[in-house]
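Asks: model the following, please.
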Amino acid sequence: MLQKLLVRMFGAMAAIGLLGTLVAYSICGKIDGDYVGFRSVFSSDLSTPDDPSTAQPEMDGIRTKVLAGGCAGILIGLGLPAGFRARKR
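Replies: You can find the predicted model right below:
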């Protein structure tokens, strides 16, 4: 029973964390109306291969917002299975 809850919890955390990351990227991943490459957002390289003229502080801001969206999704996914279980009883 506990094992089943843990599997649900980790599955929800992964799925909703990924969804949160993608939603945050779709909202915050633009510079001048164009999307920055997803690989550029998460690369450890300081230069952006898609557009070398992109300023680094803008990339840092996008990276922070996208990661914050993913973390928020993970936290929501952490509470969902427990909330559904409490409601069933």
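
Asks: in the helix ranked longest in the chain, what's buried?
Replies: The longest helix of the chain (DSSP state H) is helix 56-88. Of the residues in helix 56-88, 59, 62-63, 65-66, 69-70, 72-74, 76-78, 80-81 count as buried by neighbour count, 16 or more other CB atoms under 10 Å. Backbone N, C-alpha and C define where each C-beta goes, glycine included.

Asks: least confident pick among the residues you listed?
Replies: Within the buried residues of helix 56-88, residue 81 has the lowest pLDDT, namely 69.

Asks: got any ranges where this structure has weak pLDDT?
Replies: Judged against pLDDT under 70, the low-scoring parts of the chain cover residues 44-55, 81-89.

Asks: returning to what we had before: looking at the buried residues of helix 56-88, which is nearest residue 30?
Replies: residue 62 (8.4 Å; CB to CB).

Asks: mind listing what the closest one touches?
Replies: Taking CB atoms under 8 Å, 6 or more residues apart in numbering as the contact definition, residue 62 lies against 28, 29, 31, 36, 41.

Asks: let me know the closest of the buried residues of helix 56-88 to residue 24.
Replies: residue 69 (2.4 Å).

Asks: once you drop chain neighbours, what's closest to the closest one?
Replies: residue 24 (2.4 Å; CB to CB, 6 or more residues apart in numbering).

Asks: got the buried residues for the helix or strand encompassing that neighbour?
Replies: Here residue 24 is covered by helix 2-28, with elements defined by DSSP states H and E. Within helix 2-28, the residues that count as buried by 16+ other CB under 10 Å are 8, 9, 12, 13, 16, 17, 20, 21, 22, 24, 25, 28.
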